[in-house]
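Participant: My questions concern the predicted model and sequence given below.
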Amino acid sequence: MRLVTWMITAMLVVFGATSSGYALQSATDLFERAQKDSLMYRRVVLYTEALALDGDLTEALRERGILYYYQGKLQEAFDDLTASMEKGGHDVRALLFRALVSIAREDWENALGDLNGAHLMAPKRSDILSHRAVVLYKLGRIAEAEKDATAVLALQDDPAAVGRSLTVRGDIYADRGNDLLAREAYRRAASGDPGLGFFYTWADVLSPEQAGRIGLWGLIVLSAIVIFRISLPKPKRKDSRGN
């Protein structure tokens, strides 16, 4: 009888371990599929399915939180990003996007806290510096905002960050009554990132990577069309005999 009991117990332990391993592997598979999918809503579904199998998959929490942010679901984004960090996924992406959620809510103090943390991990990232410049300006810390904006303009490695920093600089100029410099900064900001706003139009459909690729190809195709039309020869007028 003891032997039978021992065998049943051993089988249950093995079955439980196998099931847990299968669930973990399945969650990993779903996460990897989500990473490769091009449609945002499908990625959210796959991350959700992965988390149903493994609620401690911090990468899935973080990535789903980022997608929720792009879809405008700020509370869901905040909850996922916070849970990701509480479970050990305390990285630059999670901090940056939780800061962006706070910026969207105009919660400047919490945004600054997360941006400072992200900056400590990646001090040369223009996107972090430019968003911090915006937040510092909103908090009335003008000298610090100007310093961050100047650092971004010196790096010149991210058109969106440059545009954001030029806008901050324009706001500072306008506050000082220097309308001419303010207008010039705003003009440069508007012309520096022609794809600005494209992604948000398609946020419920496209992934960030796919939107970026489409925007880039759109600019290339538009340029090619303009060049091609300019290079076409002028049509020749035919005479009455068709020659």
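Facilitator: Structure received. Numbers count the residues shown, from 1 in each chain.

Participant: Output the below-cut-off pLDDT ranges for this structure.
Facilitator: Where the chain drops to pLDDT under 70, the residues are 1-25, 193-243.

Participant: Domains in it, by residue range?
Facilitator: 38-106+114-120, 124-193, 195-230 (automatic domain parsing).

Participant: and residue 179, how many neighbours?
Facilitator: Under the neighbour criterion other CB atoms under 10 Å, residue 179 is assigned a count of 11. Using the backbone N, CA and C atoms, a C-beta is placed for each residue, glycine as well.

Participant: quick one, phi/psi of residue 39?
Facilitator: When read as degrees, to the nearest 10, the backbone of residue 39 gives phi -100, psi 130.

Participant: whoops, I mixed them up, residue 105
Facilitator: Per degrees, to the nearest 10, the backbone of residue 105 is at phi -90, psi 0.

Participant: Pull up the gap between it and residue 71, please.
Facilitator: As for residue 105, its distance to residue 71 is 15 Å (criterion: CB to CB, to the nearest Å).

Participant: Likewise for residue 136?
Facilitator: 28 Å.

Participant: Residue 138 now?
Facilitator: For residue 138, the distance to residue 71 - CB to CB - is 24 Å.

Participant: Distance to residue 30 for the domains of the chain - can I get that in CSV?
Facilitator: Output for these, formatted as CSV (distance: least, CB to CB, whole Å):
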stretch, distance to residue 30
domain 38-106+114-120, 4
domain 124-193, 29
domain 195-230, 16
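
Participant: Please, where are all the helices along the chain?
Facilitator: 2-36, 40-53, 58-70, 74-86, 92-104, 108-121, 126-138, 142-155, 159-175, 179-192, 198-201, 208-231 (DSSP state H).

Participant: which parts of the second one are buried?
Facilitator: The reference is to helix 40-53. For helix 40-53, burial by neighbour count (16 or more other CB atoms under 10 Å) applies to 40, 43-44, 46-47, 49-51, 53.

Participant: From residue 117, how far out is residue 90?
Facilitator: 8 Å.

Participant: more neighbours, those two?
Facilitator: Using other CB under 10 Å as the criterion, residue 90 and residue 117 rank with residue 117 on top: 19 against 13.

Participant: That one touches residue 93, doesn't it?
Facilitator: No. Applying CB atoms under 8 Å, one finds residue 117 not in contact with residue 93, separated by 11.9 Å.

Participant: of residue 136 and residue 71, who's got more company?
Facilitator: The neighbour comparison of residue 136 against residue 71 (other CB under 10 Å) goes to residue 136, with 23 against 16.

Participant: who are the neighbours in contact with that one?
Facilitator: 112, 142, 144-145, 148 (CB atoms under 8 Å, 6 or more residues apart in numbering).

Participant: any idea how far residue 109 is from residue 86?
Facilitator: To residue 86, residue 109 is 20 Å away according to CB to CB.
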